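A.B. asks: The sequence and its predicted three-dimensional model are supplied below.
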Amino acid sequence: MDIMENLGPLALGSSLKRLSDQLMQDGIRVYRELGIDFEAKWFPVFYYLRNEGPTTVTELSRAIGVSHPAIIQIAREMISANLLAVYRDVSDKRKRVLALTSYGKSKAQELEPVWQAIRIVLQELLNEAGSEILNELSGLEKALQKRGFHQRFLDHSGKS
């Protein structure tokens, strides 16, 4: 018996984390087994930069919904792997701009067929589960943007 099922909504965050961890670990295994030097956690940053081009850390943080410090940490790792370069914005020297290196661009060509296969496998998984989870998660994110969990808790408990 899975205690998470018994906890219902109380386990929402833990269940999502567990699911995320499992998918990330399997993604890591896929890259390793294919002999591709790429970390699953780099995917959103890499994919965004490949499609949108050079972007400031702040814009990237906003676009993919990850904290500024998390973007900086991922960028450091990707710079060490020679996938990214960082430079100062020409119009505002305070801003750091991230861009794929030429090696990063060539790596994108290697990764594209893998991502297509991963997309197919994940869609099959969603179909098997009969799940509309992507739409449901989007709705949950929008509801939390309107009013976060913390504020909802305060309102409910009369502490706001």
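C.D. replies: Received, thanks.

A.B. asks: pLDDT below threshold where in this structure?
C.D. replies: 1, 160 (pLDDT under 70).

A.B. asks: ranges for the strands of it?
C.D. replies: Applying DSSP state E to the chain gives strands spanning 55-56, 84-88, 96-100.

A.B. asks: what would those look like in a markdown table with distance to I118?
C.D. replies: For glycine as for every other residue, the C-beta is placed from the backbone atoms N, C-alpha and C. Converted to a markdown table, the strands of the chain look like this (distance: least, C-beta to C-beta, whole Å):
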| stretch | distance to I118 |
| --- | --- |
| strand 55-56 | 23 |
| strand 84-88 | 21 |
| strand 96-100 | 20 |
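
A.B. asks: Among these, which comes closest to L111?
C.D. replies: Between L111 and these, the tightest spacing by C-beta to C-beta is seen for strand 96-100, at 11.4 Å.

A.B. asks: How far does the closest one sit from its chain's centre?
C.D. replies: 18 Å (C-alpha atoms, centre = their mean, to the nearest Å).

A.B. asks: So for it, what gets flagged as buried?
C.D. replies: Using 16 or more other C-beta atoms under 10 Å as the test for burial, strand 96-100 gives 96-98, 100.

A.B. asks: With distance to S157 as extra columns, can I get these in TSV?
C.D. replies: Below are those laid out as TSV (distance: C-beta to C-beta, whole Å):
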residue	distance to S157
R96	41
V97	44
L98	41
L100	47
